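>>> Any chance you can model this:
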Amino acid sequence: MITISTARLTLIAATPAMARAELRDPIEFAHEVGCTVPLDWPPPLNDPASMTWYLEYLIAHPSAGGWSKWYFADRRAEPYLLVGNGGFKGAPSLNGTVEIGYSILPAQQRNGLASEAVEALVEWAFDHSEVRRVIAHTYPDLHASISVLRRNGFLELGAGPAMEPGTIQFERRRAVGSGRG
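Residues are numbered from 1 along each chain as shown. From the prediction side, this is the model:
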């Protein structure tokens, strides 16, 4: 199992068993991820279609651990409490780009958890030499999401891709001459 630890969180890279259980049964999911799963799970913008996409990605790319969904667990709770999820939409492209996304349960928002998780995921991505930039797309009315990106050093590029109409795109590039962005 791949994990990342921050000041308050443990980020857990999804496995096919976790993703399958998340779609199927909350009790099985809690067992697979080793955390308490709140009754209001999943976080906003997570639906069966997106969960299925991640499951299919994990099955099709068994060696791409970490380049898909991550679960965010609050270590201050015992047992750990899931507070959100996020991750990448696949392994780095040929030009060294990965796309990040994230979501926090409403009851856990406005506590800096999204910023903490995003920073950890960006650092994890930049620990891989092939990653040159991390991009994100969000909607202009999601002010908290935009704040998370800006706090984590992302710059706004303008309109998002045609396949995500109405979004704006952000990026964070690896710092020149360093191993990290």
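>>> Find the nearest non-adjacent residue to the most centrally placed residue in the chain, please.
With distances taken as CA atoms, centre = their mean, G86 lies nearest the centre of the chain, 1.9 Å away. In space, and not counting its chain neighbours, G86 is closest to Y102: 3.1 Å by CB to CB, 6 or more residues apart in numbering. C-beta coordinates here come from the backbone N, C-alpha and C atoms, glycine included.
>>> for the chain, which spans come out with low pLDDT?
177-181 (pLDDT under 70).
>>> before we move on, back to that, verify the stated contact: the residue nearest to G86 with V83.
No - at 11.0 Å, Y102 does not count as touching V83 under the criterion of CB atoms under 8 Å.
>>> higher neighbour count, these two?
A direct count of neighbours by other CB atoms under 10 Å for Y102 and V83 places V83 higher, at 26 against 23.
>>> So which elements touch the host helix or strand of that one?
Per DSSP states H and E, V83 falls inside strand 81-88. Contact here means 3 or more CB pairs under 8 Å, 6 or more residues apart in numbering; DSSP states H and E; on that basis strand 81-88 packs against strand 69-74, strand 97-104, helix 113-126.
>>> Contacts for that strand next, please.
With CB atoms under 8 Å, 6 or more residues apart in numbering as the test, strand 81-88 has contacts from 9, 13-14, 33, 35-38, 41-43, 46, 54, 66-74, 98-105, 108, 113-114, 117-118, 121, 125.
>>> Can I get that strand in CSV, CA atoms only?
Once non-C-alpha atoms are left out, strand 81-88 reads as follows in CSV (Å, rounded to 0.1, in the frame of the first residue of the first chain):
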residue,chain,number,x,y,z
LEU,A,81,-11.7,9.1,9.6
LEU,A,82,-12.0,9.6,5.8
VAL,A,83,-12.4,13.3,5.1
GLY,A,84,-12.0,13.4,1.3
ASN,A,85,-10.3,12.1,-1.8
GLY,A,86,-8.4,13.2,-4.8
GLY,A,87,-5.5,12.2,-6.9
PHE,A,88,-4.5,12.1,-10.5
